[in-house]
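Asker: 3D, please:
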Amino acid sequence: MGRLFGTDGVRGVANTELTGELAYNLGRAGAYVLASESLHMPRILVGKDTRKSGDMLEKALVAGICSAGAEAVIAGFIPTPAIAHLVREHKFDAGVMISASHNPAEFNGIKFFNSEGYKLSDAMEDRIEAIILNNAEQIPSPQGANIGITSELVTAVDDYVEFAISTIKGDLKGLKIAMDCANGASYITSPTAVRKLGADLLVINNDPDGLNINKDCGSTHLSMLKNFTRDNCCDVGLAFDGDADRVLFVDENGELIDGDKIMAIIGLYLKNKNLLKNNTIVATVMSNLGFDIMAKENGINLVKTVVGDRYVLEKMLEGDYTLGGEQSGHIILRSFNTTGDGLVTALQLLAIMKESGKKLSELASVMTTFPQVLKNAKVCNSKKYNYLDDPIIAQKCSELEETFHGEGRVLIRTSGTEPLVRVMIEGREQEYITNKAIELVKIIEERLA
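Answerer: Predicted structure coming up:
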């Protein structure tokens, strides 16, 4: 068996790749590793999204937790960021979320949080994995009074809603909002929070049946929300993914407001209030060039990381920055939570709309999105990393970037799973960058065949 943990926990097709047995072993090993220093019976919070397989995996996971002598506290249907917050609020020893985020319903996943609400370090994941795959450590099997028990956190939804509401001042009265819950984990929490703040709310895709999570809806499928927002003359539309750790918006015209523009709007607002720590936003290398130009024009520093919210968070902790995220709408606001939080992000932006009295299209105009082209070069798998050292490829990239005069860029990345080198070019003219991407792909394919 290969590595269990990916970039965001353990994930796979439920009942074939992510089996009940594996969930049991993850619960048992996770409880042992995360709570082994505890002097009391450890308490671990367990939440899930709305997938049908969540019941099976929850039961197996909980059994594993109890077999290691810990108490499994069940939160029910709840967003991932709620687990991160509630672990801290109620002083749990750890938290676990059963979700495959934006993936289709047949997938599921298990991700852990430590007692501070942060996703696990690579070292901690490696230790859990070594126990499961190699029996690297023997987990005790307590008996009698020391066997773990289960309980429920019946206030989970209310506690998280109240927390989210507390992150903004005032209310949202006067705003007409369209919301797409992706038939996922936010189907109760997000509408409840926004309605409590007095907005006129119209909700779609909040009737989960276990199989319709993310199906042609949510932040990965925005067509329905775009039409719904325009047809109902809403001021704004917003869409969550399956576990609601990310959110995307559409403006009053149904135009996409992605993670870059969300960070631009919130970042400028915080800067003007002297609340943007070190005048810095953390983004990934995939953020649009328009975001860089916006930051430069407004005196904001940008720190870039490789793709992945865990790397964004690492850099934020390293530099003590408060705002970071990805184009996908995974926005981290460290003043409020330890991971991406779709609802909290949504409330911050809605509050800015309300306070400023501006339409979302006007707020988003602070950043111009540059045209972007993505092309794949098919190469020999054993040579796909050689582009880093190939002088011809390097020269072509340098020549191309020089022609942009700071208003374009070239980014090359290797696929981790396929024999591909991915080429991304940004610039002001779509036709020009498309032709240049095709040229560069051809050179890479010739050099790395």
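Asker: tell me the secondary structure at the residue nearest to residue 257 when sequence neighbours are not counted.
Answerer: Of all residues not flanking residue 257 in the chain, residue 249 sits nearest, at 3.9 Å (CB to CB, 6 or more residues apart in numbering). In short, each C-beta sits where N, CA and C put it, glycine included. Secondary structure, DSSP: H, G, I helix; E, B strand; the rest coil: residue 249 is strand.
Asker: any idea how far residue 326 is from residue 249?
Answerer: 15 Å (CB to CB, to the nearest Å).
Asker: what number of residues lie near the nearest residue to residue 277 once chain neighbours are set aside?
Answerer: Leaving out its chain neighbours, the residue that sits closest to residue 277 by CB to CB, 6+ apart is residue 322, at 4.3 Å. Look at residue 322: counted by other CB atoms under 10 Å, it has 20 neighbours.
Asker: give the contact list for residue 322.
Answerer: 270, 275, 276, 277, 316, 333, 334, 335 (CB atoms under 8 Å, 6 or more residues apart in numbering).
Asker: residue 249 and residue 326: who's more crowded?
Answerer: Using other CB under 10 Å as the criterion, residue 249 and residue 326 rank with residue 249 on top: 29 against 25.
Asker: strands of the stretch 151-300 of the chain, start to end?
Answerer: Per DSSP state E, counting those that start in this stretch, the stretch 151-300 of the chain carries strands over the ranges 176-180, 200-204, 236-240, 247-250, 256-257, 280-284.
Asker: tell me the SS of the nearest residue to residue 168 once chain neighbours are set aside?
Answerer: Once flanking residues are discounted, residue 168 sits nearest to residue 351: 4.1 Å by CB to CB, 6+ apart. Classification of residue 351 using three-state DSSP returns helix.
Asker: give me every residue that touches residue 351.
Answerer: 168, 169, 170, 172.
Asker: and it, how far is that from residue 148?
Answerer: Distance, residue 351 to residue 148, by CB to CB: 42 Å.
Asker: got a list of what the residue nearest to the spatial centre of the chain touches?
Answerer: By CA atoms, centre = their mean, the chain has its centre lying nearest to residue 330, at 4.0 Å. By CB under 8 Å, 6+ apart, the contact list for residue 330 reads 245, 246, 259, 309, 312, 340.
Asker: mind running it again at 7 Å?
Answerer: 245, 246, 259, 309, 340 (CB atoms under 7 Å, 6 or more residues apart in numbering).
Asker: tell me who's in contact with the residue nearest to residue 257.
Answerer: If you count contacts by CB under 7 Å, 6+ apart, then residue 249 has 236, 237, 238, 257, 262, 349, 360 around it.
Asker: and the two most separated of these?
Answerer: 237 and 262 (13.2 Å; CB to CB).
Asker: what about these two, which has more around it?
Answerer: Relative neighbour count places residue 237 above the other of residue 237 and residue 262, with 29 against 25, counting by other CB under 10 Å.
Asker: bridging residues for the more buried one?
Answerer: residue 178, residue 250 (DSSP bridges).
Asker: relative to residue 355, how far out is it?
Answerer: Distance of residue 237 to residue 355, given as CB to CB: 20 Å.
Asker: now swap in residue 21 and tell me
Answerer: Residue 21 is 52 Å from residue 355, by CB to CB.
Asker: what helix or strand does residue 62 sit in?
Answerer: helix 53-67 (DSSP states H and E).
Asker: and that helix, what does it pack onto?
Answerer: Judged by 3 or more CB pairs under 7 Å, 6 or more residues apart in numbering; DSSP states H and E, helix 53-67 is in contact with helix 20-35, strand 43-48, strand 71-77, strand 94-98, strand 107-113.
Asker: turn the ones you listed into TSV, including mean neighbour count and distance to residue 209.
Answerer: Output for those, formatted as TSV (neighbours: other CB atoms under 10 Å; distance: least, CB to CB, whole Å):
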stretch	mean neighbour count	distance to residue 209
helix 20-35	23	22
strand 43-48	27	15
strand 71-77	21	13
strand 94-98	29	17
strand 107-113	25	16
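Asker: can I get the ones you listed in TSV including mean pLDDT?
Answerer: Listed next are these as TSV, based on pLDDT from 0 to 100:
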stretch	mean pLDDT
helix 20-35	95
strand 43-48	98
strand 71-77	98
strand 94-98	97
strand 107-113	97
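Asker: which among these is found nearest to residue 199?
Answerer: The nearest among those, by CB to CB, is strand 71-77 at 22.4 Å.
Asker: which residues are contacting that closest one?
Answerer: Taking CB under 7 Å, 6+ apart as the rule, strand 71-77 contacts 41-50, 62, 65-66, 83, 86, 92, 148-153, 156, 185, 188.
Asker: helices or strands up against the helix or strand following it?
Answerer: Per DSSP H and E, the first helix or strand lying C-terminal to strand 71-77 is helix 80-89. Counting contacts by 3+ CB pairs under 7 Å, 6+ apart, helix 80-89 packs against strand 43-48, strand 94-98, strand 107-113, helix 156-166.
Asker: any idea how far residue 132 is from residue 33?
Answerer: From residue 132 to residue 33 the distance is 10 Å (CB to CB).
Asker: wait, I meant residue 341
Answerer: Taking CB to CB, one finds residue 341 at 26 Å from residue 33.
Asker: check residue 209 too.
Answerer: Per CB to CB, residue 209 is found 35 Å from residue 33.
Asker: check residue 42 too.
Answerer: In terms of CB to CB, residue 42 sits 11 Å off from residue 33.
Asker: closest one to residue 218 among the helices and strands packed on helix 80-89?
Answerer: Set against residue 218 and scored by CB to CB, those come closest in strand 107-113, at 14.1 Å.
Asker: from the contact counts, what lies against that closest one?
Answerer: Right, strand 107-113 is packed against strand 9-13, helix 20-35, helix 53-67, helix 80-89, strand 94-98 by 3+ CB pairs under 7 Å, 6+ apart.
Asker: can you do 6 Å?
Answerer: Where contact means 3 or more CB pairs under 6 Å, 6 or more residues apart in numbering; DSSP states H and E, strand 107-113 is packed against strand 9-13, strand 94-98.
Asker: so what does the first one touch, helix or strand wise?
Answerer: Contacting strand 9-13 under the criterion 3+ CB pairs under 6 Å, 6+ apart are the following elements: strand 107-113.
Asker: which outside residues touch the strand it packs on?
Answerer: 9-11, 13-14, 18, 26, 30, 51, 53, 57, 84, 87, 95-100, 120 (CB atoms under 6 Å, 6 or more residues apart in numbering).
Asker: how about the helices of the chain, start to end?
Answerer: Ranges of helices in the chain, per DSSP state H, are 20-35, 53-67, 80-89, 122-134, 156-166, 189-196, 223-231, 259-272, 289-297, 309-319, 342-356, 360-364, 391-404, 430-447.
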